[in-house]
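**Student:** 3D model of this:
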Amino acid sequence: MSFKASFVSSRTRQRFGLTARQVNVVLEVLFVVLIVTGLGSWLLALDKAWIAATIHAIAGFTLVLVVPLKVRGSVRTGFKRGRMTRWVSTLFGLMLLSGVVLGWLHTTALWWGIGYWAAMWTHLLFGFVGIPFFLWHAASRPSKPKLVDLDRRAMLSAVGLASAGAAIYGTQEVVLAAAGRKRAGTGSHEIASFEPDKMPRMQWINDTAPRVDLDTWDLRIEGESVDLAALAARTEPLVAWLDCTDGWRSQQRWDVVSLESVLSDSPGRSVKVTSSTGYSRLFARSDANDVFLCFGYDGDPLRRGHGAPVRVVAPNRRGPWWIKWVVDIELTDRRAWLQLPLPAS
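**Tutor:** Purely as a prediction, here's the structure:
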């Protein structure tokens, strides 16, 4: 290492506590934490998802604090070298920052987005699209960061940055609470509770609400067609939160029968529930008493956009488990954990 390079590295460390390589390690760790906790807030039960959501928010604020160190270090050096890939790296950086800003705008309810491009949905999109950029960026560096770069001083600096991120998050929560902008632990805002006619109508990725003909709708349970009207007559009210991955939640009084009550005594480790769109999920048989088939809300039939004539109500689970337009329920020996955490389509 030349005297000049050594001097710059030392000066950078004295000013910020982290060298350029160490800044890269911290950013890479933060990106992984953001992806893992973001997915965790979707996959964990609602009473545990707040842990992942809180870590996710703190990691986002910490990333913003680290960005100036990145710009003053390797970004400035990279632009001086004039490589074409610097523009791809710049796009990745802007995408990452935009995702953080959109998540913050949703959190504070300062901006919901425009039409389909809701702030939360676009935040999620940037996160997932950023994964291949991240892998390329990490693999293409001529001098790849290593975990050994995080020596004691670097670790203390990283902890300090994370503590500052946590302090910013805590301050934000106090301010939002004082302003009356309370959210669920998952970060979702309450919308249209006990007003089903105003509740949003959302589908999973590329699902489309089917045209519903109640007279010809065929619900099959373990291979046999069942009488929808007879099932609907057995319903009882259940108050439960629907917490959508799009960043909203709504509490309704659903008219339900338990999944277990419509099943036979036939053996099976899991219950597979399938929508008319082909969307399906596996539920452990042991959970069938806590998962329900729903035919309406507070005495009124379901609306088409909400899954009419029959949908799943899965308390303490996020929206992707609340399957709409159910047409088939079957027992299977396949274990519930042997499926994608979230369907790909």
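
**Student:** can you give me the strands for this protein?
**Tutor:** 113-114, 117-118, 189-190, 220-221, 224-225, 236-243, 248-258, 270-275, 280-284, 292-297, 300-301, 311-313, 326-332 (DSSP state E).

**Student:** any idea which of those is most buried?
**Tutor:** Counting by mean count of other C-beta atoms under 10 Å, strand 292-297 has the highest mean neighbour count of those, with a mean of 25. For every residue, glycine as well, the C-beta is placed using N, CA and C.

**Student:** Which strands or helices does it pack on?
**Tutor:** helix 228-232, strand 248-258, strand 311-313 (3 or more C-beta pairs under 8 Å, 6 or more residues apart in numbering; DSSP states H and E).

**Student:** Kindly recompute the last result at 6 Å.
**Tutor:** If you count contacts as 3 or more C-beta pairs under 6 Å, 6 or more residues apart in numbering; DSSP states H and E, strand 292-297 packs onto strand 248-258, strand 311-313.

**Student:** Make a markdown table from those and add mean pLDDT to it.
**Tutor:** Shown next, in a markdown table, are the helices and strands packed on strand 292-297 (pLDDT from 0 to 100):
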| stretch | mean pLDDT |
| --- | --- |
| strand 248-258 | 97 |
| strand 311-313 | 97 |
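
**Student:** Those into a markdown table, with extra columns for distance to Leu69?
**Tutor:** Output for the helices and strands packed on strand 292-297, formatted as a markdown table (distance: least, C-beta to C-beta, whole Å):
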| stretch | distance to Leu69 |
| --- | --- |
| strand 248-258 | 35 |
| strand 311-313 | 47 |
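
**Student:** Nearest to Leu65, out of those?
**Tutor:** Leu65 lies closest, by C-beta to C-beta, to one member of these: strand 248-258, at 29.0 Å.

**Student:** and that closest one, which strands flank it?
**Tutor:** Sheet pairing of strand 248-258 (DSSP bridges) gives strand 189-190 (parallel), strand 236-243 (antiparallel), strand 292-297 (antiparallel).

**Student:** I figured Gln22 was touching Val148, is that so?
**Tutor:** No. Applying C-beta atoms under 6 Å, one finds Gln22 not in contact with Val148, separated by 10.2 Å.
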